[in-house]
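Student: no sequence for this one, just the structure:
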């Protein structure tokens, strides 16, 4: 099964997915959150050791790497298959001799956070676990990393003068890190520069926006001695810090933010799924619901009961159906439908109008074949397939009921890659037509 989510990093741990026997653990509980020391098992994409990484772990769907001068937040996404055909690009209706090569790349991206003005801090792991791990997947001639220990906490002592940073996991397993300031130390001393993300304050939370999704750090809490004081994020360009109110200058201070993904989910069945055209395949409404369009080859775990189309039109590669799904603000699937017929159907983009109606743009090679539950076009501008592949545009209600659908194309191949709405409720539709007139 494949699905669509997000990814962050240029680092690969090479602990999973390289075959049986490369990795063993003794005493670790499944789902246990911990900080694993680096004894040479952390390597880059060229298999070179990354000794700047001191500890690694995973919490709340976020992989992290701790360095002496900051940390890296990492997510990963399996990209949908790249289909390469030869000797020329393959059109299922043209026929001819062709060869398909399917590639399954991993998208890697990273967000780095560095401690600005960091002095030579000393890093101490705390609360060692009795368990250990062995890593055998090392380059030829390099000894395996054995008896790799893990810890519950990691302390950075003296990151700035009078400031310690402590990494640990919260009650739900999420990554947390506290700043502990001695009395007399100004909280403006804390400065962190963020690479690889745009910064935004959203209702007091720090949001890190990346090309592959968002990471969120919650509203920070702060205590001066035993008293709770007001605290918040401060953004200056690519740097973040904190403001604090209600603390006497001589009081020790502890600041506690959290970091995590807002939510993430797989969506798919027994075969392959893919996202739409770049970010255009995802849209949101004013209530925070998320809409997704793409392509599926799965015949199960896609459509919800009583959806517009509950069965796939054709699950044979390279056909497949378009799909439209609606998720709640907390990531729960509300409804989902196939959209396609007996040939290839691809959803590329979706957008919402002011009334909450959803428009989906894509392309299809399915002809008009009643009964029209599986018809691409119904009640729209063009109700017949004019070329080998035509663009399509379809409108759904907020509850997933199709309002109308239309082909849009000429005698050759046409593809719908984008759509937008105007203030009067009209929809602007973008297509590519290298041959049609």
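Tutor: Noted; the coordinates are in hand. Everything numeric here is computed off the predicted structure, so don't read it as measured data.
Student: next, count neighbours for residue 363.
Tutor: By other CB atoms under 10 Å, 25 other residues sit near residue 363. The way it works is simple: take the backbone N, C-alpha and C, and place the C-beta from them, glycine included.
Student: and it, how far from residue 215?
Tutor: 33 Å (CB to CB, to the nearest Å).
Student: would you mark the buried spots in the helix or strand harbouring residue 153?
Tutor: Following DSSP states H and E, one finds residue 153 within strand 145-160. Neighbour-count burial for strand 145-160 flags 145, 148, 149, 150, 151, 152, 153, 154, 155, 156, 159, 160 (criterion: 16 or more other CB atoms under 10 Å).
Student: hey, where'd the strands end up in the stretch 251-400 of the chain?
Tutor: Here the stretch 251-400 of the chain has its strands, by DSSP state E, counting those that start in this stretch, at 253-256, 258-261, 273-275, 282-284, 290-296, 321-327, 333-339, 345-352, 358-364, 390-396.
Student: doesn't residue 188 fall inside a helix?
Tutor: Yes. Assessed by DSSP: H, G, I helix; E, B strand; the rest coil, residue 188 belongs to a helix.
Student: could you report the pLDDT at the nearest residue to it once chain neighbours are set aside?
Tutor: Excluding the flanking residues, the one nearest residue 188 by CB to CB, 6 or more residues apart in numbering is residue 241, at 6.2 Å. At residue 241, the model reports a pLDDT of 95.
Student: I'd like to know how far residue 241 sits from residue 194.
Tutor: From residue 241 over to residue 194 (counting by CB to CB), the distance is 11 Å.
Student: who's more crowded, those two?
Tutor: More crowded of residue 241 and residue 194, by other CB under 10 Å: residue 194, with 20 against 17.
Student: hang on, the more buried one packs against residue 116?
Tutor: No. Using CB atoms under 8 Å, residue 194 is not in contact with residue 116, being 10.4 Å away.
Student: identify the contacts common to these two.
Tutor: Counting by CB atoms under 8 Å, 6 or more residues apart in numbering, the common neighbours of residue 194 and residue 116 are residue 239.
Student: can you report how many residues lie near residue 51?
Tutor: 11.
Student: what secondary structure does it sit in?
Tutor: coil.
Student: which residues touch it?
Tutor: For residue 51, the contacting residues are 38, 40, by CB under 8 Å, 6+ apart.
Student: that one and residue 39, how far apart?
Tutor: For residue 51, the distance to residue 39 equals 10 Å [CB to CB].
Student: and the host helix or strand of residue 242, what does it pack against?
Tutor: Secondary structure assigned from DSSP H and E places residue 242 in strand 239-245. Packing partners of strand 239-245 (3 or more CB pairs under 8 Å, 6 or more residues apart in numbering; DSSP states H and E): strand 192-195, strand 221-224, strand 227-236, strand 253-256.
Student: those strands into a markdown table, with extra columns for distance to residue 184 and mean pLDDT?
Tutor: Output for the helices and strands packed on strand 239-245, formatted as a markdown table (distance: least, CB to CB, whole Å; pLDDT from 0 to 100):
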| stretch | distance to residue 184 | mean pLDDT |
| --- | --- | --- |
| strand 192-195 | 21 | 94 |
| strand 221-224 | 12 | 92 |
| strand 227-236 | 16 | 93 |
| strand 253-256 | 10 | 94 |
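Student: of those strands, which is nearest residue 346?
Tutor: Residue 346 lies closest to strand 192-195 among the helices and strands packed on strand 239-245, at 34.8 Å (CB to CB).
Student: and that closest one, what other elements does it pack with?
Tutor: Secondary-structure packing of strand 192-195 (3+ CB pairs under 8 Å, 6+ apart): strand 106-115, strand 239-245.
Student: so what strands line up beside that strand?
Tutor: The strands that strand 192-195 pairs with in its sheet are strand 106-115 (antiparallel), strand 239-245 (antiparallel) (by DSSP bridges).
Student: now do the longest one against strand 145-160, angle only.
Tutor: Comparing the axes of strand 106-115 and strand 145-160 via axes from the mean of the first three to the mean of the last three CA atoms, to 10 degrees yields an angle of 40 degrees.
Student: and residue 54, how close does it get to residue 194?
Tutor: As judged by CB to CB, residue 54 and residue 194 stand 20 Å apart.
Student: let me fix that, I meant to ask about residue 368.
Tutor: Relative to residue 194, and taking CB to CB, residue 368 is found at 51 Å.
Student: again, but for residue 66
Tutor: Distance of residue 66 to residue 194, computed by CB to CB: 16 Å.
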